[in-house]
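Trainee: A structural model of the following input is requested.
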Amino acid sequence: MKNCVSDGNTIEFIATALVASGDPVLLGKVVAVSLGNVAIGEPGVGATEGVYELPKVTADDITQGGQVYIKADGMITSVASGNTLAGKAWADAANPSDSVWVKINA
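Mentor: Next comes the predicted model:
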């Protein structure tokens, strides 16, 4: 097939802030998890498929299978208002946990 441009498992991006390996990066409505450290203004590659342990708002009580959202600061929350859909919680993450497993872009 001559028109396939990507398998969709990764995406290239230009970092608008310092990005550490494993950090979530919001690219429009797509969540990517950086595959390496990326300096501001430099190109990086992020995974767009899979389940990742991501930082969450400590006070949120997230249940397995629930929709989760990403805030502008990269934190995962259960609050939809003002945030972007990140995916589904792969496991429970009760208050006061500081991370949650997320199947991104699901």
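Trainee: and the gap between the closest residue to residue 62 other than its chain neighbours and residue 77?
Mentor: The shortest distance from residue 62 to any non-neighbouring residue, by Cβ to Cβ, 6 or more residues apart in numbering, is to residue 93 (4.4 Å). The C-beta positions use only the backbone N, C-alpha and C, and glycine is treated the same way. Going from residue 93 to residue 77 by Cβ to Cβ, to the nearest Å gives 11 Å.
Trainee: need the overlap of contacts for those two.
Mentor: Both residue 93 and residue 77 are in contact with 56, 60, where contact means Cβ atoms under 8 Å, 6 or more residues apart in numbering.
Trainee: hmm, residue 78 and the residue nearest to residue 62 touching each other?
Mentor: No - with contact defined as Cβ atoms under 8 Å, residue 93 does not reach residue 78; the gap is 9.3 Å.
Trainee: comparing these two, which shows the higher neighbour count?
Mentor: Shown here are residue 93 and residue 78; by other Cβ atoms under 10 Å, residue 93 has more neighbours (27 against 19).
Trainee: need the contact list for the more buried one.
Mentor: 56, 60, 61, 62, 99, 100, 101.
Trainee: of these, buried ones?
Mentor: Buried by 16 or more other Cβ atoms under 10 Å: 56, 60, 62, 100, 101, out of the contacts of residue 93.
Trainee: from those, which land in strands?
Mentor: Using DSSP state E, the members of these that fall within strands are 100, 101.
Trainee: which members of the buried ones among the contacts of residue 93 are the farthest-apart pair?
Mentor: Farthest apart among the buried ones among the contacts of residue 93 by Cβ to Cβ are 60 and 101. That separation is 13.8 Å.
Trainee: walk me through the domains of this protein.
Mentor: The chain breaks down by automatic domain parsing into domains covering 10-47, 51-104.
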